[in-house]
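A.B. asks: Here is my input, please return the structure:
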Amino acid sequence: MAYSIHRTARFNKQLEGAVEYILNILCSPGAAKSLLDEYEQALQLIRNTPTWLPVDHAASAHFDTTIYRKTVRSYLIRYWVDKASSTVHLISFRHRSQDYTSFVDYDRTDES
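C.D. replies: Next up, the predicted model:
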């Protein structure tokens, strides 16, 4: 059974920021396309087997639920799974060098 995907506004902003950085600062449209292609592949894996991926223990310690992670090139997708509604909530798309505390103010009750 495939899970539905919910992208938070924060997630969308971070993904767009990463792509814009690669396009406009690094001037590498090929790298931006590769990132987006790998992102789409990661979504398929997450959609089909969300709880098989590694748990982000450091991030999970800040929430009342398990936070999973999936690496996409040099970025980490972080998400939580609502099994009751079969929904994966994508909450963070950050470069691996950025520390998880950059999203600890995330509030599951205020998703949009």
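
A.B. asks: Quick check: phi and psi at the nearest residue to residue 1 once chain neighbours are set aside.
C.D. replies: Distances taken as C-beta to C-beta, 6 or more residues apart in numbering place residue 86 nearest to residue 1, at 6.6 Å, with adjacent residues excluded. To be clear about C-beta, it is placed using only N, CA and C from the backbone, and glycine gets the same treatment. Per-residue torsions, residue 86: phi 50, psi 50 (degrees, to the nearest 10).

A.B. asks: Surely residue 86 is in contact with residue 5?
C.D. replies: No. Residue 86 lies out of contact with residue 5 (C-beta atoms under 8 Å); the separation is 10.5 Å.

A.B. asks: So which residues of the chain form helices?
C.D. replies: In the chain, the segments counted as helices under DSSP state H are 9-20, 29-48, 57-60.

A.B. asks: Kindly check the end-to-end length of stretch 17-32 for me.
C.D. replies: Start-to-end span of stretch 17-32 (C-alpha to C-alpha, to the nearest Å) is 11 Å.

A.B. asks: avg pLDDT for it?
C.D. replies: Mean per-residue pLDDT for stretch 17-32: 96.

A.B. asks: Give the buried residues for that stretch.
C.D. replies: Neighbour-count burial for stretch 17-32 flags 18-19, 22, 32 (criterion: 16 or more other C-beta atoms under 10 Å).

A.B. asks: Distance from the helix or strand of the chain with the lowest mean pLDDT to the middle of the chain?
C.D. replies: Sorting the helices and strands of the chain by mean pLDDT, DSSP states H and E puts helix 57-60 at the bottom, at a mean of 87. Distance, stretch centre to chain centre, for helix 57-60: 14 Å (C-alpha atoms, centre = their mean, to the nearest Å).

A.B. asks: for stretch 52-71, same thing?
C.D. replies: The chain centroid and the centroid of stretch 52-71 are separated by 11 Å under C-alpha atoms, centre = their mean.

A.B. asks: Also stretch 1-12?
C.D. replies: Relative to its chain's centre, stretch 1-12 lies at 9 Å (C-alpha atoms, centre = their mean).
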